[in-house]
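In: structure of the sequence below:
(3 chains, ligands or ions: 2)
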Amino acid sequence: MEQFYVFLQQMVNGLSLGSIYALIALGYTMVYGIIKLINFAHGDIYMVGAFVGYFAVNYLHLGFLGALGVAMAVCVVLGILIERIAYKPLRNATRIAALITAIGVSFLLEYTTVFALGAQSRAFPEVLSNVRIGLFGNKVFVTNKELLIYGVTLVLMILLQFIVKKTKTGKAMRAVAFDREAAMLMGVNIDNTISATFALGSALAGAAGVLVGIYYSAISPLMGVNPGLKAFVAAVLGGIGSIPGAALGGVVMGVIETMVIAYGQSTYRDAVAFAILIIILIIKPSGIFGSNAREKV
Amino acid sequence: MALLEVNNVSKVFGGLSAVTNLKMKLGAGELVGLIGPNGAGKTTVFNLLTGVYQTTAGDIVFDGKNIAGKKPSAINQMGIARTFQNIRLFSDLSVLDNVRIAYHSHVAYKLPSAIFRFGSFYAEEEKMKARAIELLKIFHLDGKKDEIAKNLPYGEQRRLEIARALATEPKFLLLDEPAAGMNPQETAELMNLIRWIRDHFELTILLIEHDMSLVMGCCERIYVLEYGRVIAHGDPETVKHNPKVIEAYLGEEVTYA
Amino acid sequence: MKRLLTRQNMIIAAVLLAVYLIVQTLLSVGIISAFYETNLVLGGIGVIMAVSLNLITGFAGQFTLGHAGFMAIGAYFSAVMTVKWGMPFVLALLGGSCLAAVMGFLIGLPTLRLKGDYLAIATLGMGEVIRVVLLNTKYVGGAAGLFGIPRLTNWTWIFVSAVVTVLCIRNLLWSSYGRACISVREDEVAAEIMGVDITRYKVLAFVVGAFFAGLGGGLYAHYYYFLQPGGFGFMKSIEYLVMVVLGGMGSMTGSVMAALALTVINIFLQSYAAIRMILYALLLIVIMIFRPEGLMGSKEFSSAMFSRFERRGDRGSAGGQ
Ligand SMILES: Nc1ncnc2c1ncn2[C@@H]1O[C@H](COP(=O)(O)OP(=O)(O)O)[C@@H](O)[C@H]1O
Ligand SMILES: [Mg+2]
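Out: Ligands and ions are numbered 1, 2, ... in the order given. Take a look at the predicted model:
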């Protein structure tokens, strides 16, 4: 029974980490779905979100919601700018060229931040007091921050689902992802739709950045690298291009990673993600919800 | 014995039957046409014969061996070569390299001898180059051997594709709409060239063509495909007067004389 | 044999020998300081790494982000061979290279079925897995690192290794095997239909590339006295990718020149790590947007020295004429 509670406690922790991965993974999956690009810079947008949150609290003296809003807004602008300046000129270039550019953008964000703010990590200001809530007769604890992460993630996902399914922009996004040529013929504005996709994905990443700052209380210019890669793995796991897939994949990745730390060796936590990735790519590259198409000759 | 036997082959994509119960038999040295309206499944047949797609049902026997499950490269090495309806040259490479790459299965030196340049490396390379140029001469492309393939005019690109296919030294050559985009004079020249190639290289040729006059004038036997099924087959005269064929082509521009 | 002794080849050999001797003399009389010697070594390793990566990514068209992983294997294994098993340096270098090649084969066979960006991520993951495994292997010092490696790498080793690497990869490329690799990059379907077993040639490029990356690692290990898994992460792979991209994917001479040029630039940016990375990032973005084929494209630099690298059109019959 004790063991079961330990397991449950790890699930609680894993779900928080998984929620954050899920939020980042959504951006990867949407961008990949629409322009077939692994946006390497996506993890760094999440980092920028965390820093904007940091400054919003420390200098603008905003509370949690204010910081979240400002971070999301700044990330939206950043995401759109990156797409317009760096990726748009390469829409008809080879996949490798676009990917190299994305790697370049990622490094640019990381090291501009290092240059401007220093490489050391900073303490994220305490915007919320710590409250621990005991469950099962105080055998398992969940904190108010964890509840906040679950809540915000859930709300944002529902909002995203609504935008994608019900709004005109969302329909345009799906149309472009399905067949860009056809969508263009139908009068969809491709440029705006792609911008909207980057905007949505970046907003979610920005939110994830603030949540992580609050949860782990430390942020640094390179904090986006590993979560970015793991969120990408999550997107692949769920089936790249699939929104529910990214959400599920993120949660699964977070839980697995937490379990590896709890029951195995924490030094292997990063390797596990990649091992999972290589296995999925080899066994079922289309992921859980994805579909596969072969090139027509 | 037939060189190629296609036994009740079907191919389904998702729910769509692109080819249904196809039976074909080609003897060595034949020049056979495969015609049919757009979307009839002709290119799919080529993709099945060359291993680009796996059959859903039925089997394909080439030269006495079943090709099921074989990789396209292995099938090519058995002696089947093809061209593509949409030209697929190595477009950033030179004309000569396009042909030399296709000779690659016949190269007699091993990797170490390439890296350390011993043994027969130089002799083999020169032999290969000479053969490639000889082949290019047939297609009047030898003067352009150093040009980048994508810079050739369209008709020459089509001819280069045939030259490249021949460089793999096949027994059986599949040509997918070789005259597409050519003017009547080029088409007529190509027809003669195809017959000449067949005789000179002792090949069996299966040819997809939209231009009926080319097929009628060139092929000895014709299969007509519609909705993935063979609706008629025989010599050009018989096929031409088959009511099903006339019906299938009704509404399409009938270009045969 | 006669074909190897052409006038051109003699000139190249003479120039190479002269470069070697001049630098060697300057080193031994102390005109080239230790600081610049380090950069010579780094430049040579850069050449080896960039040319071998270019074989995989530029010529065979397989985008990999795990090249530093192969370097790590070569570095660690060769160090183990000299430090723990007391083997001679040559054998250690060869051993490290061979183990890297074996890993290249084992990893390449399953992952090379993946296309483009999926392959990139899988190889990135592979590099990280290698790093984490090293981090957790007590035998090679784990996170603390492997210490006490003798400094055996010197200018002579670097020079000979770089020349051998360039020559071997060049000879491979300018042969039927190399053309088969290039055809895979150009059009996989067409290549297969022309009888090229694409998996085989992808793996070939991967294995040969990994072999020479392993050599680069072995040389690196025996210059710096100690190794740490962190030194062979994603960043290191990117550093070499920048060289390949800058020089031109599909240009050997481009890679050589870019490796040397970036080494020189690094000398100036030694104490500005962040600026260096920003510069790398901008280089990648700007090159991709304005000149995606890199400075040299797929052309080879030719002058008296490099005229062995003939124009594309004569690939394969080059060298002997
Ligand atoms: N890879 C594929 N996936 C799905 N459908 C395909 C594929 N290849 C061909 N088809 C379908 O099969 C049918 C026959 O196509 P094709 O063989 O190209 O016709 P043809 O060459 O006679 O014009 C068409 O309806 C086409 O859309
Ligand atoms: Mg067709």
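
In: how many neighbouring residues does C:Y240 have?
Out: Using other CB atoms under 10 Å in any protein chain shown, C:Y240 has 28 neighbouring residues. For glycine as for every other residue, the C-beta is placed from the backbone atoms N, C-alpha and C.

In: next one: C:N39
Out: C:N39: 18 surrounding residues under other CB under 10 Å.

In: do a quick rundown of the strands in the stretch 51-200 of chain B.
Out: Assigned by DSSP state E, counting those that start in this stretch, the strands in the stretch 51-200 of chain B fall at B:57-62, B:65-66, B:80-82, B:172-176.

In: for the longest one, C-alpha coordinates in CSV please.
Out: The reference is to strand B:57-62. The C-alpha coordinates for strand B:57-62 follow below in CSV (Å, rounded to 0.1, in the frame of the first residue of the first chain):
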residue,chain,number,x,y,z
ALA,B,57,-3.2,-9.8,-54.5
GLY,B,58,-1.8,-11.9,-57.3
ASP,B,59,1.8,-12.4,-58.3
ILE,B,60,4.3,-11.2,-60.8
VAL,B,61,6.8,-13.6,-62.3
PHE,B,62,9.7,-12.1,-64.2
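
In: what sits up against it?
Out: Contacting residues not belonging to strand B:57-62 are listed as B:3-10, B:21-22, B:48-49, B:66-68, B:75, B:78-80, B:172 [CB atoms under 8 Å, 6 or more residues apart in numbering or on different chains].

In: list only buried entries from those.
Out: Using 16 or more other CB atoms under 10 Å in any protein chain shown as the burial test, the contacts of strand B:57-62 include B:3-7, B:9-10, B:22, B:48-49, B:67, B:75, B:78-80, B:172 as buried.

In: tell me which two of those residues sit farthest apart.
Out: B:S10 and B:G79 (24.4 Å; CB to CB).

In: just the strands in the chain please.
Out: Answering for chain A, as no chain was given. For chain A, strands defined by DSSP state E occupy the ranges A:122-123, A:132-135, A:140-143, A:218-219.

In: show me which helix runs longest in chain A.
Out: helix A:2-35 (DSSP state H).

In: buried residues in it?
Out: So helix A:2-35, judged by 16+ other CB under 10 Å, has buried residues A:9-10, A:12-35.

In: again, but for stretch C:222-232
Out: In stretch C:222-232, the ones that count as buried by 16+ other CB under 10 Å are C:222-224, C:227-229, C:231-232.

In: could you do stretch A:47-60 as well?
Out: Within stretch A:47-60, the residues scored as buried using 16+ other CB under 10 Å are A:47-57.

In: quick check, nearest of these to C:N171?
Out: A:M47 (45.5 Å).

In: hmm, that closest one is touching A:L109, no?
Out: Yes - in this structure, A:M47 is within contact of A:L109 by CB atoms under 8 Å, at 7.1 Å.

In: overlap in contacts, these two.
Out: Common neighbours of A:M47 and A:L109 are listed as A:G224 (criterion: CB under 8 Å, 6+ apart).

In: test my guess that B:I162 contacts B:F84.
Out: No - B:I162 is beyond contact range of B:F84, at 10.9 Å (criterion: CB under 8 Å).

In: need the contact list for A:A123.
Out: A:217-218.

In: cool, A:S202 as well?
Out: By CB under 8 Å, 6+ apart, the residues touching A:S202 are A:27, A:42, A:45, A:75-76, A:78-80.

In: low pLDDT regions in the chain?
Out: Since you didn't name a chain, this refers to chain A. In the prediction, chain A carries residues with pLDDT under 70 at positions A:285, A:290-297.

In: actually chain B
Out: Chain B contains residues with pLDDT under 70 at B:1, B:250-257.
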